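Visitor: The following comprises the amino acid sequence and a computationally predicted model.
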Amino acid sequence: MRLAPHRLPPLLTLMLLMVLMVLMVLTACARADSPKPAADIDKPARRDAELIAASKNPATVKAGKATYTALCLACHGAETAKGDSPSNLFDPKWYHGGRPSEIERTVLVGFLEKNMPPWGEVPPPENPPALVAFILSQQK
Ligand code: HEC
């Protein structure tokens, strides 16, 4: 008796390909959102270095820009904004601390009394570092 050569049924092959694609997309997202959120937030010097490194990673900056556009642009304006005010995040002057770790803390904690909202539960907490990386990458 001759056995037929072993072949996967087409449907199974298609499903395996789809699983592979989903895995690839997930890995790409994980990479774009690195570095990890706020783990080193209480070690400012190390956190500053991590955020500055992130601001030089084009994929992270791109992810941060998307979050900025969705959540911050309406109040803070575009990175091309001119003039000095607490709401311009791209001028050289900071009112609430300009160290990268301080900017991240501002984004997480907010100042509700001045209409700056704290970071919410949704969207996911991986985004603030990318967001800060984007802000740092656009400093004038
Ligand atoms: C509802 C409007 C609003 C939204 C939305 C908002 N902010 Fe703000 N933000 C403010 C205001 C107003 C201030 C200035 C507070 C003050 O007068 O000191 C501020 C201040 C800041 C500061 C401090 C600036 C400095 O000079 O120290 C940072 C950093 C900041 N916002 C980042 C963000 C980011 C990032 C987002 C998006 C996740 C965001 N904000 C969303 C209104 C907003």
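Guide: Received, thanks. Numbers count the residues shown, from 1 in each chain.
Visitor: Going by secondary structure, residue 90 is in what exactly?
Guide: For residue 90, there is no enclosing helix or strand under DSSP states H and E.
Visitor: Return the distance of it relative to the ligand.
Guide: Between residue 90 and the ligand the computed distance is 10 Å (Cβ to the nearest ligand atom, to the nearest Å). The C-beta positions use only the backbone N, C-alpha and C, and glycine is treated the same way.
Visitor: Could you do residue 62 as well?
Guide: 16 Å.
Visitor: after the helix or strand bottoming out on mean pLDDT in the chain comes which helix or strand?
Guide: Here the helix or strand of the chain ranked lowest by mean pLDDT, DSSP states H and E is helix 10-33, holding a mean of 71. On the C-terminal side of helix 10-33, the closest following helix or strand by DSSP H and E is helix 44-54.
Visitor: which helices and strands sit right next to that next one?
Guide: If contacts are counted by 3 or more Cβ pairs under 8 Å, 6 or more residues apart in numbering; DSSP states H and E, helix 44-54 sits against helix 100-109, helix 127-137.
Visitor: Deepest in the core, which of these is it.
Guide: helix 127-137 (a mean of 25; mean count of other Cβ atoms under 10 Å).
Visitor: what number of residues lie near residue 15?
Guide: Neighbourhood size, residue 15 [other Cβ atoms under 10 Å]: 12.
Visitor: And for residue 95?
Guide: A count of neighbours around residue 95, defined by other Cβ under 10 Å, yields 13.
Visitor: So the closest residue in space to it that isn't next to it in sequence versus the ligand, what's the distance?
Guide: Using Cβ to Cβ, 6 or more residues apart in numbering and skipping residues adjacent in sequence, the residue nearest residue 95 is residue 86, 4.3 Å away. Distance from residue 86 to the ligand, counting by Cβ to the nearest ligand atom: 4 Å.
Visitor: Let me know the secondary structure of residue 86.
Guide: Secondary structure, DSSP: H, G, I helix; E, B strand; the rest coil: residue 86 is coil.
Visitor: Having no further points to raise, I will conclude here.
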